[in-house]
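Novice: This is a predicted model, with the sequence first.
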Amino acid sequence: MQHDHMQTSPVFFLCERRPYLAPATDTCPQNFAETLPTEMSVKIFGELDTESLCSASRTCKLWHHIIEESEQLWRRQCLLVRAVCQREVDSDRRDGLSWKVTLVRNYTRSCVKRDWLRGRYSHVRSAAELSGRKMTPLDAETWGEILQAELDR
């Protein structure tokens, strides 16, 4: 039986090494998180990067609940951001912010700061070259680090 994938939004499963459409009454689980212990689902979600984790949390209510409630997932992602924005992350944690809030506050900043420190913007000749790129406010200490990196290049 052939199915037009563009006209329907069925759930696909990998069973017997080939994809198939699961009927509504099929006994195969529709969602791994429904059958696995929460700890196992957290381990699976722990393999995702920050952007994928946020996307996964929008997949269904169960995934959203598991991801939102797991400080372990947010802590792991936040520690990756801390490698670039240690001062900012440590300050937010001292202020009592959760791992997730700390990550949200510092994720874009860490991406921009990492790019600056790697020299991605070393040869920018005009503001037009930065058009469409994410930017975020940076504090004076961060600008000092960036300027020092530029001088060292």
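Specialist: Ah, there it is.

Novice: how close does residue 48 sit to residue 31?
Specialist: 16 Å (CB to CB, to the nearest Å). For glycine as for every other residue, the C-beta is placed from the backbone atoms N, C-alpha and C.

Novice: Quick one: residues contacting the closest residue to residue 90 other than its chain neighbours.
Specialist: The shortest distance from residue 90 to any non-neighbouring residue, by CB to CB, 6 or more residues apart in numbering, is to residue 82 (7.4 Å). Counting by CB atoms under 8 Å, 6 or more residues apart in numbering, residue 82 touches 89-90, 106.

Novice: Can you flag the buried ones in the residues you listed?
Specialist: Using 16 or more other CB atoms under 10 Å as the burial test, the contacts of residue 82 include 89, 106 as buried.

Novice: which residue is nearest the centroid of this protein?
Specialist: Taking CA atoms, centre = their mean, the centroid of the chain lies closest to residue 50, which sits 1.4 Å from it.

Novice: Surely that one and residue 106 touch.
Specialist: No. Here residue 50 does not reach residue 106: they are 10.7 Å apart, not a contact under CB atoms under 8 Å.

Novice: Between those two, which contacts overlap?
Specialist: residue 81.

Novice: which helices and strands does the lengthiest helix in the chain pack with?
Specialist: Using DSSP state H, we find that the single longest helix of the chain is helix 99-117. Helix 99-117 sits against helix 71-82, helix 86-94, helix 140-152, with contacts defined as 3 or more CB pairs under 8 Å, 6 or more residues apart in numbering; DSSP states H and E.

Novice: most neighbours per residue, which of these?
Specialist: helix 71-82 (a mean of 18; mean count of other CB atoms under 10 Å).

Novice: Relative to the whole chain's centre, how far out is that one?
Specialist: For helix 71-82, the gap between its own C-alpha mean and the chain's C-alpha mean amounts to 10 Å (CA atoms, centre = their mean, to the nearest Å).

Novice: And residue 51, what's its pLDDT?
Specialist: For residue 51, the pLDDT comes out at 91.

Novice: if I pick it, what's in contact with it?
Specialist: Applying CB under 8 Å, 6+ apart, we find residue 51 in contact with no residue.
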